[in-house]
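Participant: model the following, please.
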Amino acid sequence: MKDKPKLLTMLSKRMFEMGLDIQEAHAFCTNDGYSLNVFVVGNWEKGSGHLKDLLVLEIQIIEETLSS
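Facilitator: Residues are numbered from 1 along each chain as shown. Below is the predicted model of the structure:
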C-alpha cells in the first residue's frame with residue numbers, strides 16, 4: 001500500500017474496533033513510497049484465516065477513505 005498520512009492511525013483504530021489487543025506496532029516506509037505496517041496482536045480466537053479476511057476488507061475501506 002502506498003504510504004499516506006494517518007495510515008498507521010487508521011489501521012490501529014480499525015484493529016482496536018475489531019477487538020484486537022495491539023501489543024506492538026511498527027511502521028516502515030520504502031524509498032519508492034510504500035508503507036509496511038507490522039502489528040503484534042492478541043485477543044483473537046477466531047483463527048488467522050478469519051482475521052485475514054476481515055483485515056483485507058478493512059484495508060479496502062481505509063484505501064477508499066484515504067483516496068477521497
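
Participant: so what pLDDT did the most centrally placed residue in the chain get?
Facilitator: Taking CA atoms, centre = their mean, the centroid of the chain lies closest to Leu11, which sits 3.6 Å from it. pLDDT, Leu11: 93.

Participant: restricting to C-alpha, output whichever helix in the chain runs longest in CSV.
Facilitator: The longest helix of the chain (DSSP state H) is helix 48-67. This file holds the C-alpha atoms of helix 48-67, laid out as CSV (Å, rounded to 0.1, in the frame of the first residue of the first chain):
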residue,chain,number,x,y,z
SER,A,48,-5.9,-16.5,11.4
GLY,A,49,-7.9,-17.1,8.1
HIS,A,50,-10.9,-15.2,9.5
LEU,A,51,-8.6,-12.4,10.7
LYS,A,52,-7.0,-12.1,7.3
ASP,A,53,-10.4,-11.9,5.6
LEU,A,54,-11.6,-9.1,7.9
LEU,A,55,-8.3,-7.2,7.6
VAL,A,56,-8.5,-7.3,3.8
LEU,A,57,-11.9,-5.8,3.9
GLU,A,58,-10.8,-3.1,6.4
ILE,A,59,-7.8,-2.2,4.3
GLN,A,60,-10.0,-1.7,1.3
ILE,A,61,-12.2,0.6,3.3
ILE,A,62,-9.2,2.6,4.5
GLU,A,63,-7.8,2.8,1.0
GLU,A,64,-11.1,4.2,-0.3
THR,A,65,-11.3,6.7,2.6
LEU,A,66,-7.7,7.9,2.0
SER,A,67,-8.3,8.2,-1.7
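
Participant: work out for me the element the residue nearest to the centre of the chain sits within.
Facilitator: helix 7-17 (DSSP states H and E).
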